[in-house]
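Enquirer: need coordinates for the below:
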Amino acid sequence: MSKIKPYKDSDLSKKEQVTKMFDTISGDYDGLNRVISFGIDVKWRKKVVNLVKDQDAKTVLDIATGTGDLAIAMADTNAEKIVGLDISSGMLDIGKQKINNKGLSDKIEMVLGDSENMPFEDNTFDAITVAFGVRNFENLQNGLKDILRVLKPGGIFVILETSVPTKTPFKQGYNFYTKNILPLIGRLFSKDRSAYRYLSESASVFPYGEALNNILRKTGFINVEDFPQTFGVATIYKSSK
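Expert: Take a look at the predicted model:
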């Protein structure tokens, strides 16, 4: 995964490149997400919300929160405090506007920070979520270790991430879409043509299914489960501490 870069001619680190990329596409991000996923990503996020709701979590951290879609959706749970963390100030600015417009500023706090070195005390959150963000970590193992650190014992950790279908014809259709259609949509509707090429390429090489389950277990998470979504084009991973 380290070979996939948003800006292949850049000498910046992956973390710096990802930050720059999301700052650049922040204004297009929400609309393009709906187009690229045909709106199905909304249903996937609702399933993540339901898992947190079942946990009856009072404190929730949404990592790589972006423009805050999942953090805002968490307002439908029993959470008393929701924190959205992201490394991109551009994405957070849009998220803050959305939160203000929905009157949720007292409940949701947006924090600029690094997911691999978070500004939180140990054992702080009852639930931690990350949607379409773990593949952008510069060091996956470091990010997961820091998530485990700030999660309370007994707390729940839920990942929503793209994956690759394994069955015919869904695998072939997915490969065609990600290699040809997704970058085309990015070129047509985004200021940053390389961004959506990076997003599709990084999704194709990121570990999924049992491979990611094993990484979570190796990090120290327990009760690890995965739930493929929509023929396997995305997967929800649930684990605890």
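Enquirer: go ahead and confirm residue 92 touches residue 84.
Expert: Yes - between residue 92 and residue 84 there is a contact under CB atoms under 8 Å: 7.5 Å. Where C-beta positions appear, they are placed from N, C-alpha and C, glycine not excepted.
Enquirer: which neighbours do those two have in common?
Expert: Shared contacts of residue 92 and residue 84, defined by CB atoms under 8 Å, 6 or more residues apart in numbering, are found at 65, 68, 110, 111.
Enquirer: quick one, what contacts the second one?
Expert: When you say that, I think you mean residue 68. Here residue 68 is in contact with 62, 84, 92, 94, 95, 96, 98, 99, 108, 110 (criterion: CB under 8 Å, 6+ apart).
Enquirer: repeat the analysis, applying 7 Å as the threshold.
Expert: 84, 95, 98, 99, 110 (CB atoms under 7 Å, 6 or more residues apart in numbering).
Enquirer: what about the nearest residue to it once chain neighbours are set aside, how many residues nearby?
Expert: Once flanking residues are discounted, residue 68 sits nearest to residue 95: 3.2 Å by CB to CB, 6 or more residues apart in numbering. When neighbours are defined as other CB atoms under 10 Å, residue 95 has 25 of them.
Enquirer: need the shared contacts of residue 92 and residue 84 in TSV (columns: secondary structure and distance to residue 138).
Expert: Converted to TSV, the shared contacts of residue 92 and residue 84 look like this (DSSP: H, G, I helix; E, B strand; the rest coil; distance: CB to CB, whole Å):
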residue	secondary structure	distance to residue 138
65	coil	17
68	coil	22
110	strand	21
111	strand	18
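Enquirer: could you pull out the helices for the chain?
Expert: Applying DSSP state H to the chain gives helices spanning 14-37, 40-55, 69-73, 89-101, 140-150, 170-176, 182-189, 193-205, 210-219.
Enquirer: export the longest strand along the chain as CSV, just CAs?
Expert: The longest strand of the chain (DSSP state E) is strand 151-162. Taking Å, rounded to 0.1, in the frame of the first residue of the first chain, the C-alpha atoms of strand 151-162 are listed here in CSV:
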residue,chain,number,x,y,z
LEU,A,151,-10.8,2.8,23.4
LYS,A,152,-12.2,1.9,26.8
PRO,A,153,-12.1,-1.8,27.9
GLY,A,154,-15.3,-3.4,26.7
GLY,A,155,-15.6,-0.7,24.1
ILE,A,156,-16.5,-1.3,20.4
PHE,A,157,-14.4,-0.5,17.4
VAL,A,158,-16.2,-0.4,14.0
ILE,A,159,-14.5,0.0,10.6
LEU,A,160,-16.4,0.6,7.3
GLU,A,161,-14.0,0.1,4.4
THR,A,162,-14.0,-0.8,0.7
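Enquirer: buried stuff in that strand?
Expert: Within strand 151-162, the residues scored as buried using 16 or more other CB atoms under 10 Å are 151, 152, 155, 156, 157, 158, 159, 160, 161, 162.
Enquirer: so how far is residue 209 from residue 159?
Expert: In this view, residue 159 and residue 209 are 12 Å apart by CB to CB, to the nearest Å.
Enquirer: find residues that contact each of these two.
Expert: In contact with both residue 159 and residue 209: no residue, using CB under 7 Å, 6+ apart.
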